[in-house]
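> Any chance you could fold what I've pasted below:
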Amino acid sequence: MFDSVIQKVYKRSVNENPVEMYASLLTVYAYARYGIYKGDQKVIEDIRQQMTPFIQGEVPLDSIVGSYKSYEAGGNGTAYLWFKGEFDSAGPALERSSRELLKNHPRSAESLFSMPGKADSEHVWIDTVYAVTPYLTWLGLGKGDESLVNEAHDQMKKSYDLLLNPDNGMLHQARGFNGFGIFSSDHWSRGNGWGLLALADVIDILPPDHKHHSSYAQMLKDLLSAVLKYQDEWGMWHQEMTLPESYVEVSGTGLILYALGRALEKKVLEGESYYKILKKGIAGLMRYISLDGSIHNCCRGCLAPEEGRIEDYIRRGWVLNDVHAFGPVILALTEADIAGLSWDELIGYPFPRGLKEEVLNVNLPL
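Numbers count the residues shown, from 1 in each chain. All right, here's what the predicted structure looks like:
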């Protein structure tokens, strides 16, 4: 039942945004996952065609907004299709980009990949783990190169430990962007979503007997347990998750729901209560998608804004059809399909009477 919605969302993204952006590459990856799940060769061929200029070196890294060497080969969409045996010709480009990433990318004192182009290498942000951890894991498992799998785990575990707020179990987004050694004080939904996305992607394919499996599973379980308690009565998460008066944020919600779906499928979390959270979240998320595939309530690009305080994140407003919206929504709706959620379950979900102000302008129902 989600196929037509996913396809409309994907087409809206393609119409709105150039592919040479890291958030567009997330949408490509999300659509690739959907294509693999459905066994849809038309979708898979669409992704291959879009990524071919990347693997042929026709898209220079400096033209990609938010650049890591992994993006030069097309990012996670390319790597995932290659790992699944659907993009063999991408192998040399993936090998080259991973080699250059490991050799040349600036690193922090903790050996974390840091923000490219900064004067010092201590600018660390959680977004990095989405860019490198699944990518290196797919390549390492696919090539039988355990050093890549180890590097991926180091990046994830060290980032998680560094940015963790031990008081509530959630992640801050960044360190060093508001002054040397200073951490942002947020509990931003999309920032925590980046961490959850990387964890869920790896737990999806890492063999249960692998030496890093228990570490990834524990991080995923702990972070989900921390964020799930902040789901609101409409099934959504907010820009600053600890403050329900901040606006509903769709990209963070989508990433959280994707990670929850993967955790349930892989039995990292078990029980009917988690399934109910997923169902409530998908029902809520659908209310922010218009008939034409447009998506409301997505925070614009955001990296430790102003002084990196909670109130600064809250002031970072949402926009219609922001580039970060589409991939998380496709990921979440694919999980809803995998979980077997039905239209009747969602359209009849017993939400509180009336609609929140943010969604009054959305066309309902789909």
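
> Would you mind confirming that Ala200 makes contact with Tyr258?
Yes: the pair Ala200 / Tyr258 is scored as a contact, 6.2 Å apart, by Cβ atoms under 8 Å. To be clear about C-beta, it is placed using only N, CA and C from the backbone, and glycine gets the same treatment.

> for this protein, which spans come out with low pLDDT?
63-66, 119, 353-366 (pLDDT under 70).

> Which stretches in it count as strands?
Under the criterion DSSP state E, the chain contains strands at 124-125, 164-165, 170-171, 174-175, 298-299, 318-319.

> by contact count, what packs against the last one?
If you count contacts as 3 or more Cβ pairs under 8 Å, 6 or more residues apart in numbering; DSSP states H and E, strand 318-319 packs onto strand 298-299.

> same thing with the fifth one?
Packing partners of strand 298-299 (3+ Cβ pairs under 8 Å, 6+ apart): helix 250-265, strand 318-319.

> and those, which is most packed in?
When you average the neighbours per residue for each of those (mean count of other Cβ atoms under 10 Å), helix 250-265 leads with a mean of 28.

> helices and strands around that helix, which ones?
Helix 250-265 packs on helix 189-205, helix 213-228, helix 272-286, strand 298-299, helix 326-338, going by 3+ Cβ pairs under 8 Å, 6+ apart.

> Could you rerun that using 6 Å?
helix 189-205, helix 213-228, helix 272-286, helix 326-338 (3 or more Cβ pairs under 6 Å, 6 or more residues apart in numbering; DSSP states H and E).

> Distance to Lys143 and mean neighbour count added to these, as a markdown table?
Shown next, in a markdown table, are the helices and strands packed on helix 250-265 (distance: least, Cβ to Cβ, whole Å; neighbours: other Cβ atoms under 10 Å):
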| stretch | distance to Lys143 | mean neighbour count |
| --- | --- | --- |
| helix 189-205 | 14 | 27 |
| helix 213-228 | 19 | 19 |
| helix 272-286 | 34 | 20 |
| helix 326-338 | 26 | 26 |
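
> of all the ones you listed, which lies closest to Arg262?
helix 189-205 (3.9 Å; Cβ to Cβ).

> got the angle between that closest one and helix 326-338?
Helix 189-205 runs at 50 degrees relative to helix 326-338, counting by axes from the mean of the first three to the mean of the last three Cα atoms, to 10 degrees.

> out of the helices and strands packed on strand 298-299, nearest to Ile347?
helix 250-265 (17.6 Å).

> what separates that closest one from the chain centre, distance-wise?
9 Å (Cα atoms, centre = their mean, to the nearest Å).

> got it, and stretch 68-75?
16 Å.

> now stretch 256-276
16 Å.

> same check, this time on stretch 51-65
That offset, for stretch 51-65, works out to 21 Å (Cα atoms, centre = their mean).

> picking that back up, let's have the helices and strands packed on strand 298-299 in a markdown table, adding distance to Ala325.
Output for these, formatted as a markdown table (distance: least, Cβ to Cβ, whole Å):
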| stretch | distance to Ala325 |
| --- | --- |
| helix 250-265 | 5 |
| strand 318-319 | 9 |
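
> re earlier: nearest to Glu270, out of the strands of the chain?
strand 170-171 (22.2 Å).

> so what strands line up beside the closest one?
strand 164-165 (antiparallel) (DSSP bridges).

> circling back: okay if I get the helices and strands packed on helix 250-265 as TSV plus distance to His105?
As requested, those are exported to TSV (distance: least, Cβ to Cβ, whole Å):
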stretch	distance to His105
helix 189-205	17
helix 213-228	22
helix 272-286	34
helix 326-338	23
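
> Next, count neighbours for Lys11.
13 (other Cβ atoms under 10 Å).

> so how far is Ser294 from it?
11 Å (Cβ to Cβ, to the nearest Å).

> what residues are up against Met115?
His123 (Cβ atoms under 6 Å, 6 or more residues apart in numbering).

> do you know how far it is from Trp343?
Taking Cβ to Cβ, one finds Met115 at 43 Å from Trp343.

> can you check His238 too?
Distance from His238 to Trp343, by Cβ to Cβ: 27 Å.

> The two - which one has more neighbours?
Counted by other Cβ under 10 Å, His238 and Trp343 do not tie: His238 has more neighbours, with 23 against 12.
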